[in-house]
Structure formats: C-alpha cells, structure tokens
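A.B. asks: give me a model of this one.
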Amino acid sequence: MNYPQIKPSLNLDFSNTKTLDPRINFRRGTPGAYYDGKTYAKAEENLLSYSEDFSQWGFGRIVQTPAQSAPGGSSGAYKIEQESGQTSSGYLLQTYTTSANKSYTFSVYAKAGTNRNYVVLRAYLSNNRFTYFDLVNGEVVNIDDRHVATIQDAGDGWYRCSITYTPVTSSNVQFNVYFSDNDSSINVTDDGGFIYLWGAQLEQRDSLTAYTPTNGTPITKYQPQLMFASPDQPRFDHDALTGESKGLLIEESRTNLIPYSEDISHFNQQNVLIGHNAMVAPDGTMTADKLIANASSVSHNRVYSNNLLSSSTDGANYTLSFYAKKGEHHHIFATLWDNTGGTLPDSQVWFNLLTGEFNLIKGLSANMEELDNGWYRCSVSSINDSSTNANSIRIQLGGAGEGPSSLFQGDGYSGIYIWGAQLEEGSFATSYIKTSGASATRSADNASITGENFSSWYRQDEGSVYVDSAKGNLGTNFAGYVSLHTEDFSNSEYYWLLHNSSDQFQFLVAPGIANLTDGIDVSLGSQKACVSWVDDNFSMSVNGGEIQSDTSGPAKKNLAGLRIGFSPYSNSHYLNSAIRKIAYYPQRLTNEQLQQLTK
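C.D. replies: Here you go, the predicted structure:
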C-alpha cells in the first residue's frame with residue numbers, strides 16, 4: 001500500500017476522539033442541539049402485561065365479554081358486567097413490585113354502561129386507596145389524598161382515567177379497576193349493571209403518557225435524547241438512528257421564527273384538538289403534543305400560523321421543519337403559503353410517518369430524517385417571489401387510511417404527535433432551535449487555529465490536507481470544508497477546499513493560481529478528499545478517483561491560520577454539516593498517495 005511514510009503534524013480525528021484539540025479556538029455564542037450517541041431517554045412504557053386482554057388479569061364478581069368497540073374504532077374493548085347476585089363491585093387487578101419513593105401512574109380507558117357510571121381505580125398496599133371517576137360528566141369526583149388523578153375525553157363516551165401514586169417502601173402493590181353506580185362506595189345494586197374497559201397502563205413516572213399496548217410482556221422503550229451543548233462548547237454529532245459518530249458539527253447562524261416551538265396550542269386551530277404534553281419528545285421531556293382531528297364535521301384538520309415574516313426578501317428561501325411521530329394517523333401535510341395574496345400555496349408536501357416516504361407536490365425541496373422510536377424530522381423549503389409571499393405555515397392531518405386525505409371527519413381521539421416546529425430563512429433545515437415565547441437565534445460555530453498554535457505544525461512551502469466529511473449544505477453557493485488564510489483574511493490569498501453548487505469538491509488557490517474540481521457528484525454519504533501543493537504542482541483526489549492537477553503558480557507562503565468548515569476570508573460559506581477528520585501532512589504527497597488515502 002502506498003500510504004504516506006510521514007505522519008501528519010496536525011491530526012484532528014473528531015469522529016473517534018470526540019474531543020477538540022486544545023490548539024483550536026472554538027466559539028458559538030448560544031446553545032446548540034445535537035445527538036451525543038450515548039444519552040437515551042425513557043419513552044413509552046407499560047409495566048402491565050395483557051393491557052387489552054382483561055381475561056388474563058386477576059378478577060372477581062364479573063362476567064367479561066370481549067370484542068366491543070374501543071376508542072379509535074377498534075374492537076378490542078371489554079364489556080365488564082356485574083355477576084348476578086353480587087352487591088360488591090366486580091374488580092380486575094394486576095400486581096407490580098414498586099420501588100420506594102418512585103411515582104407510578106396507572107390508567108385505563110373506560111366508558112359508562114347500563115347502571116354503572118363510575119369507574120374506580122385503586123393502588124392497594126395495606127390500606128384502601130380509591131379514586132372515583134364520573135364517566136357521564138367527565139370528572140374526578142372522589143379522590144384519595146395520596147393520589148394525583150386526571151381524566152381525559154377520548155371521544156365517543158370514552159375517558160382515559162389515571163391515578164399517580166408514590167409508595168414510600170418497595171412493595172407488591174395491587175393495581176385494581178372497580179366500577180360503581182355511585183361516587184363514594186364500591187357497593188352496588190344487584191341489577192346486572194356493566195361498564196366498558198380498554199387499554200390499561202402502568203408506568204414509572206409522575207404523569208400520563210401516550211398509551212402503549214402490551215401482550216404477554218411489559219414494554220419499556222428508550223430513544224436517543226436530543227442534547228443541547230452550552231455556548232462555546234463544540235458539538236460532536238451522531239446519527240440518531242444508527243448511533244454513528246459524525247464528527248464536529250459546524251453550522252451557520254439561523255433564527256427560528258416560530259415563537260412557541262414546543263407548544264402547538266399557540267398556533268391557530270381548525271377542526272383539531274390539542275393533546276398537550278402527550279408524548280416524550282426527542283429531547284426526553286414530556287413536551288410533545290398530539291394533533292387530533294375532532295369529530296365535528298368533514299373538514300381540513302390543521303394548525304396554522306400567519307404572518308410569521310413581517311417582511312421577506314424576494315428570492316429568499318424559507319424552510320419549515322418539525323418532529324413528528326405517527327399515532328392512529330400516519331399521514332401529515334405541510335405547506336408554506338401566502339395568506340395575504342390569495343395565491344396557491346408555494347410549497348406542499350405529504351409525509352408518511354409509517355414508511356418514511358414523502359411526496360413533494362410543490363416547492364423547492366423536502367426531506368424526512370428518520371430518528372428512532374418512530375420519530376422523524378420533516379422539512380419543506382420554498383422560494384419567496386413577488387407573486388407568492390410564503391409568510392404562513394400549515395401542518396395538517398391526513399386521513400386514517402392508507403392514502404392521504406385532505407378532507408375527513410375525525411373521531412376526537414386519533415391523531416399524530418408533533419414537537420419542535422421551526423421556520424428559518426434558508427434552503428434547508430439546520431439543527432433545532434428552541435423558542436419559548438419569541439423567535440430565537442443560534443449563533444454560528446466558529447473553529448480556527450491561529451498564531452503559534454498554527455505555526456507550530458504548518459510548513460509554508462509545501463503540504464497536503466486530508467478531509468473526511470459528510471456532504472456540505474450550501475448556504476450561499478459554497479460550503480467550506482477547510483481553509484488556510486492570511487493574517488488579514490485577504491479574499492485573494494488562501495487555500496480553500498469546499499463543496500460547490502454542482503455538488504462537487506473544489507480546491508481553490510487564490511489569487512487565480514489553481515481551481516480544481518473533481519466532476520464527481522458527492523451529494524450522498526461520507527466523502528474523502530485530499531489536496532496537495534508545492535510550487536507549480538497542485539493536485540486533488542476525491543474518493544480515490546482520478547487526480548486533478550495544475551502545474552503552474554507558486555505555493556502560498558504567507559498563511560497564518562486554519563479555519564474549519566467556513567470561508568477563509570469572511571464568516572460565511574459554513575459547512576452546515578459534520579466533519580469526521582482533518583489531517584495536515586507537512587509534505588507534498590504523491591498523487592498515488594492522495595488516491596490511496598481517499599479510497
């Protein structure tokens with residue numbers, strides 16, 4: 001193998017070391033989002049087995065009839081009927097060994113039947129702890145002082161009832177469901193009364209989350225947690241789905257124009273209900289909302305926000321992005337449009353959260369980034385022009401069927417989970433920027449080496465630079481991988497390896513000395529390039545490909561610094577992606593060595 005015999009004098013292996021060389025000066029004035037590849041958050045959980053098959057539970061004084069209509073239109077509910085001759089309520093139970101001083105939330109869907117308008121939940125250890133729920137009026141009516149209780153309308157007479165209980169010792173706790181004809185006693189009239197039940201859940205946390213069905217085995221799911229690096233702390237990003245280390249993330253400054261990124265109840269609403277804080281979000285907090293189509297009429301079922309851009313530049317690009325996860329529905333529609341001129345939407349795209357596919361009907365571009373545990377980050381971009389002022393956004397539910405449907409009537413229960421909405425000026429989505437009442441800006445990532453930290457390893461008369469990086473996202477025609485600059489950042493004195501608007505690696509030696517392009521589309525996946533120089537000899541190889549060369553002109557001998565992921569002469573042309581590795585060899589490597597390094 002014709003590898004270089006000389007070792008690099010600068011070796012920045014970001015993806016493997018996940019550290020910043022102390023010679024690098026790094027600045028970013030605000031927090032920045034990324035995945036660290038090791039932190040996971042508990043997501044859905046159900047510690048009960050057979051959450052929908054009550055015949056597998058402990059029970060007494062009841063007769064069970066399965067295959068009843070359940071929330072969302074399934075037939076998995078049970079009719080629970082009082083056994084003839086019994087005047088104490090029938091019951092269902094499962095036992096779980098709880099931990100001391102940990103909160104547990106127990107829930108069940110219930111619907112009033114004949115002569116039984118109340119469901120009663122109990123966490124039994126040594127004392128009775130009953131809490132009563134009125135299934136006619138949708139109220140908690142008699143709550144044990146050791147419980148926190150909630151009741152949620154699930155449509156069609158169904159309610160989701162829950163209690164949260166915190167045992168002070170590690171114990172075997174019985175979690176019971178009773179039913180009653182009054183709000184203060186589980187003694188009932190022997191009249192054949194019954195109730196409907198479906199979907200029980202037990203989770204170790206202090207609040208209710210989205211329902212997760214189980215069969216014979218309890219379920220606890222985890223998902224990668226979106227992290228936030230402090231100001232001036234580098235982000236070593238990872239693929240949220242595979243855990244692959246991507247390297248050092250370098251992004252330009254962007255502003256999220258949506259004032260409440262994690263609360264869609266602040267959007268205007270049309271024929272929808274909002275389930276607030278219904279799901280664990282990608283950042284591990286209980287802040288994802290559920291967008292639900294209500295049952296009032298056949299209609300568009302959506303949230304929207306108008307006039308987010310008080311003024312917009314003709315020809316500017318804007319990108320809407322949000323995190324979404326399927327619930328009972330899996331199609332979601334997004335658009336940027338002009339709500340002032342009455343024109344058609346400037347962008348329209350359907351996202352399928354079941355398959356991870358999208359259909360861009362109109363607009364500049366769209367994308368779906370698969371995360372983990374069913375989450376996707378969906379985005380769509382548009383170009384503003386004089387006839388279409390894309391100053392408003394819409395996020396709309398599709399129908400519950402296999403194909404998307406713009407107009408349909410919901411059931412007041414089914415929907416999709418949404419979190420982290422972002423609208424930014426640019427032709428692609430950048431990392432998530434949280435807002436809490438006003439727009440917010442994430443500063444640019446600036447990483448550079450200057451002064452003695454630069455001169456200690458750099459040779460002025462010849463050298464070679466190797467780069468392994470993901471594709472650059474073009475901010476303004478170019479996206480820089482690495483650049484070498486003069487002390488005064490002259491725009492006519494530099495070396496610059498970049499990603500150009502034709503999706504090619506390009507090596508510029510200014511002023512007008514060399515301009516090498518590979519001609520190979522590098523728009524997908526990891527890319528490797530190596531450039532090399534000495535007087536009258538400049539070369540480049542990309543992914544082991546054919547050598548591109550220029551054999552005239554002097555090498556630059558007055559350079560004073562290195563910049564990682566942006567321009568050599570201005571704070572622009574950011575990579576907007578992650579760099580795995582940069583290496584500098586204090587020697588003009590041979591063309592064969594350039595090819596060998598980049599294979």
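
A.B. asks: ranges for the helices of this protein?
C.D. replies: 14-17, 452-455, 591-598 (DSSP state H).

A.B. asks: what are the contacting residues of the first one?
C.D. replies: Helix 14-17 is contacted from outside by 20, 236, 245, 246, 247, 248, 468, 578, 579, 580, 581, 582, using Cβ atoms under 8 Å, 6 or more residues apart in numbering. Heads up, the C-betas are built off the backbone N, CA and C, glycines and all.

A.B. asks: same question, the longest one
C.D. replies: Under the criterion Cβ under 8 Å, 6+ apart, residues 1-4, 464, 466, 528-532, 539-545, 547, 549, 589 lie in contact with helix 591-598.

A.B. asks: mind running it again at 10 Å?
C.D. replies: 1-6, 464, 466-468, 505, 527-532, 537, 539-549, 583, 585, 587-590 (Cβ atoms under 10 Å, 6 or more residues apart in numbering).

A.B. asks: for the protein, longest strand please?
C.D. replies: Longest strand in the chain by number of residues (criterion: DSSP state E): strand 32-46.

A.B. asks: what lines up beside that one in the sheet?
C.D. replies: Strand 32-46 has the following sheet partners, assigned by DSSP bridges: strand 219-229 (antiparallel).

A.B. asks: distance from the partner strand to the middle of the chain?
C.D. replies: Between the centre of strand 219-229 and the centre of its chain there are 10 Å (Cα atoms, centre = their mean, to the nearest Å).

A.B. asks: for that strand, give the mean pLDDT please.
C.D. replies: Averaging pLDDT along strand 219-229 gives 98.

A.B. asks: buried set for it?
C.D. replies: 219, 221, 223, 224, 225, 226, 227, 229 (16 or more other Cβ atoms under 10 Å).

A.B. asks: please verify my assumption that residue 295 contacts residue 411.
C.D. replies: Yes: applying Cβ atoms under 10 Å, one finds residue 295 in contact with residue 411, separated by 5.4 Å.

A.B. asks: who has more neighbours out of the two?
C.D. replies: Applying other Cβ atoms under 10 Å to residue 295 and residue 411 shows that residue 411 carries more neighbours, namely 19 against 15.

A.B. asks: doesn't residue 69 make contact with that one?
C.D. replies: No: Residue 411 is beyond contact range of residue 69, at 11.1 Å (criterion: Cβ under 10 Å).

A.B. asks: spit out the residues that contact the two alike.
C.D. replies: The contact lists of residue 411 and residue 69 share 156, 158, where a contact means Cβ under 10 Å, 6+ apart.

A.B. asks: spit out the contact partners of residue 21.
C.D. replies: 10, 11, 12, 13, 14, 447, 449, 453, 582.

A.B. asks: among those, which lie within strands?
C.D. replies: Those of the contacts of residue 21 lying in strands (DSSP E): 10, 11, 12, 13, 447, 449, 582.

A.B. asks: show the buried residues in these.
C.D. replies: Here, 16+ other Cβ under 10 Å leaves 10, 12, 13, 447, 449, 582 buried among the ones in strands among the contacts of residue 21.

A.B. asks: show the pLDDT at the closest residue to the last one other than its chain neighbours.
C.D. replies: Using Cβ to Cβ, 6 or more residues apart in numbering and skipping residues adjacent in sequence, the residue nearest residue 582 is residue 12, 4.4 Å away. The predicted structure scores residue 12 at 98 on the pLDDT scale.

A.B. asks: now do residue 12 against residue 131, distance only.
C.D. replies: 59 Å (Cβ to Cβ, to the nearest Å).

A.B. asks: can you work out which residues contact both of residue 295 and residue 411?
C.D. replies: In contact with both residue 295 and residue 411: 155, 156, using Cβ under 10 Å, 6+ apart.

A.B. asks: tell me the most buried of the helices of the chain?
C.D. replies: helix 591-598 (a mean of 20; mean count of other Cβ atoms under 10 Å).

A.B. asks: pLDDT on that one, on average?
C.D. replies: Mean predicted lDDT for helix 591-598 stands at 95.

A.B. asks: mind saving the C-alpha coords of it as PDB?
C.D. replies: These are the backbone C-alpha positions of helix 591-598, laid out as PDB (Å, rounded to 0.1, in the frame of the first residue of the first chain):
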ATOM      1  CA  ASN A 591      -0.600  11.600  -6.500                       C
ATOM      2  CA  GLU A 592      -0.700   7.900  -5.700                       C
ATOM      3  CA  GLN A 593      -0.800   8.600  -2.000                       C
ATOM      4  CA  LEU A 594      -3.600  11.100  -2.500                       C
ATOM      5  CA  GLN A 595      -5.700   8.400  -4.200                       C
ATOM      6  CA  GLN A 596      -4.700   5.800  -1.600                       C
ATOM      7  CA  LEU A 597      -5.700   8.000   1.400                       C
ATOM      8  CA  THR A 598      -9.200   8.800  -0.100                       C
END
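
A.B. asks: distance between that helix and the chain's centre?
C.D. replies: The answer for helix 591-598 is 38 Å, by Cα atoms, centre = their mean.

A.B. asks: with stretch 545-554 instead?
C.D. replies: Stretch 545-554 has its C-alpha centroid displaced from the chain centroid by 43 Å (Cα atoms, centre = their mean).

A.B. asks: name the residues that touch that stretch?
C.D. replies: For stretch 545-554, the external contacting residues (Cβ under 10 Å, 6+ apart) are 461, 505-507, 509, 511-520, 529, 531-542, 590-592, 594-595, 598-599.

A.B. asks: please pick the buried ones from these.
C.D. replies: Here, 16+ other Cβ under 10 Å leaves 505-507, 509, 513-514, 516, 518, 529, 531-533, 537-542, 591, 594-595, 598 buried among those.

A.B. asks: please narrow those residues to those residing in strands.
C.D. replies: Going by DSSP E, the strands hold 505-507, 509, 514, 516, 529, 531-533, 537-542 from those.

A.B. asks: how many neighbours does residue 444 have?
C.D. replies: Neighbours of residue 444 under the rule other Cβ under 10 Å: 21.

A.B. asks: what does residue 439 give?
C.D. replies: Neighbours of residue 439 (other Cβ under 10 Å): 15.

A.B. asks: show me where the stretch 151-300 of the chain dips below the pLDDT cut-off.
C.D. replies: Along the stretch 151-300 of the chain, no part satisfies pLDDT under 70.

A.B. asks: please enumerate the strands of it.
C.D. replies: Ranges of strands within the stretch 151-300 of the chain are 158-165, 171-180, 194-203, 219-229, 236-238, 245-250, 254-256, 268-270, 272-279, 288-293, based on DSSP state E, counting those that start in this stretch.

A.B. asks: in CSV, list those strands along with distance to residue 93.
C.D. replies: Below are these laid out as CSV (distance: least, Cβ to Cβ, whole Å):
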stretch, distance to residue 93
strand 158-165, 14
strand 171-180, 5
strand 194-203, 10
strand 219-229, 20
strand 236-238, 43
strand 245-250, 48
strand 254-256, 48
strand 268-270, 40
strand 272-279, 27
strand 288-293, 29
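
A.B. asks: which one of the ones you listed lies nearest to residue 25?
C.D. replies: With respect to residue 25, and counting by Cβ to Cβ, the nearest of those is strand 245-250 at 13.4 Å.

A.B. asks: in its sheet, what does that closest one sit against?
C.D. replies: strand 236-238 (antiparallel), strand 577-585 (antiparallel).

A.B. asks: what's the closest of the ones you listed to residue 140?
C.D. replies: strand 236-238 (43.3 Å).

A.B. asks: give me the contact list for that closest one.
C.D. replies: Contact with strand 236-238 is made by 14-15, 17-20, 32-39, 224, 227, 229, 244-251, 431, 470, 577-578, as judged by Cβ under 10 Å, 6+ apart.

A.B. asks: ok, now how distant is the most far-flung residue of the chain relative to its centre from residue 337?
C.D. replies: Largest separation from the mean C-alpha position in the chain: residue 85, at 54.8 Å (Cα atoms, centre = their mean). For residue 85, the distance to residue 337 (Cβ to Cβ) stands at 65 Å.
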